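>>> Predicted model and sequence below, questions to follow.
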Amino acid sequence: MNTTSIKINLNHKAYMRDPENTELGRRIINESIRLIDDLGFEQFTFRKLANIIGSTEASIYRYFENKHKLLVYLVSWHWAWLDHFVLFHTNNIADPRERLSRAIDVITSSGIDNPATLHINESALYRIVIVEASKVYLTKEVDDDNKDGYFLEYKRLCHHIAEMVLAINPDYPYPHALISTIMEAAHQQVFFAEHLPSLTEIKGTKRSPQETATFLKHLVFAAVDQKR
């Protein structure tokens, strides 16, 4: 991947002040990723984060109303970053099947840290997304959060890849359902391989991007190539 500096902009109601615009904000993002990765979201608190960054809880609350909205921001950043690289790696590919195959490769290798985003550890953020991302939308407030645009980055990524499905088979009736399913499966299979191995044939405590990609391509192309 290109190592030129990359800035992901989120126009988002999840934050009160854009953390990308200040040194303190970037430290909040950097250390919150490390701390959530280490402790888990349930054990993570703004007090612990404030101690790590040598600041106060009040300073963190100037950026995020609560830790749920911080998690929304982190997960949204991941989806926006992933969307950027899916488009980057598929933009000049004419063959729609190869374009979709390359997009799946990017999705399953998104846990590789990228030096182009100095204050974001993508490998740690990817581990957070695997374990914690569903907590962003499996809430009683999901409909209100959806109206506020909290999931636009995820929906945009799914839409871009769903368009690749339709470029192969314009008559396929479930492009968004298929892609949202394989997006979730990409995380679940990594989690199962590490923690519940009897639920998957993907082996090893370390994730296997190539093996996961092979499985997801099998699902996607078997579905897309079916004749109605």
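Done, it's in. Numbers count the residues shown, from 1 in each chain.
>>> and T45, what are its phi and psi?
When read as degrees, to the nearest 10, the backbone of T45 gives phi -140, psi 160.
>>> so it touches L70, yeah?
No. Look at T45 against L70 with Cβ atoms under 8 Å: they stay out of range, at 10.9 Å. C-beta here means a position set from N, CA and C on the backbone, and glycine is covered the same way.
>>> Those two - which one has more neighbours?
L70 (25 against 14; other Cβ atoms under 10 Å).
>>> Which residue, other than its chain neighbours, is closest to the more buried one?
F64 (4.4 Å; Cβ to Cβ, 6 or more residues apart in numbering).
>>> anything in contact with each of T45 and L70?
Counting by Cβ atoms under 8 Å, 6 or more residues apart in numbering, T45 and L70 have no common neighbour.
>>> what comes up buried for stretch 162-173?
162, 164-165, 168-169, 172 (16 or more other Cβ atoms under 10 Å).
>>> I'd like these laid out as JSON lines, including secondary structure, distance to V136 and pLDDT.
What follows is those, written out as JSON lines (DSSP: H, G, I helix; E, B strand; the rest coil; distance: Cβ to Cβ, whole Å; pLDDT from 0 to 100):
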{"residue": "A162", "secondary structure": "helix", "distance to V136": "20", "pLDDT": "98"}
{"residue": "M164", "secondary structure": "helix", "distance to V136": "25", "pLDDT": "97"}
{"residue": "V165", "secondary structure": "helix", "distance to V136": "24", "pLDDT": "97"}
{"residue": "I168", "secondary structure": "helix", "distance to V136": "30", "pLDDT": "96"}
{"residue": "N169", "secondary structure": "coil", "distance to V136": "31", "pLDDT": "96"}
{"residue": "Y172", "secondary structure": "coil", "distance to V136": "28", "pLDDT": "96"}
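>>> now, among the residues you listed, which is nearest to A213?
Proximity of the buried residues of stretch 162-173 to A213 was ranked by Cβ to Cβ; the top entry is M164 with 14.7 Å.
>>> Isn't that closest one up against R99?
Yes. Between M164 and R99 there is a contact at 5.3 Å, judged by Cβ under 8 Å.
>>> between those two, what contacts are shared?
Counting by Cβ under 8 Å, 6+ apart, the residues touching both M164 and R99 are T90.
>>> what sits against S101?
Contacts of S101 by Cβ under 8 Å, 6+ apart are K217.
>>> element containing it, please.
Element membership for S101, per DSSP states H and E: helix 96-108.
>>> hmm, who's touching the next helix or strand after that helix?
Note on helix 96-108: by DSSP H and E, the next helix or strand toward the C-terminus is helix 122-132. If you take Cβ under 8 Å, 6+ apart as the criterion, helix 122-132 is touched by 33-34, 36-37, 40-41, 71, 74-75, 77-78, 81, 110-114, 187, 190-191.
>>> so of those residues, which ones are in strands?
Taking DSSP state E, every one of the contacts of helix 122-132 sits outside strands.
>>> From those, list just the buried residues.
33-34, 36-37, 41, 71, 74-75, 77-78, 81, 110-111, 114, 187, 190.
>>> which of these has the weakest pLDDT?
Ranked by pLDDT, the buried ones among the contacts of helix 122-132 bottom out at N114, which has 63.
>>> which regions of the chain lie under the pLDDT threshold?
1-6, 111-118, 204-207, 227-228 (pLDDT under 70).
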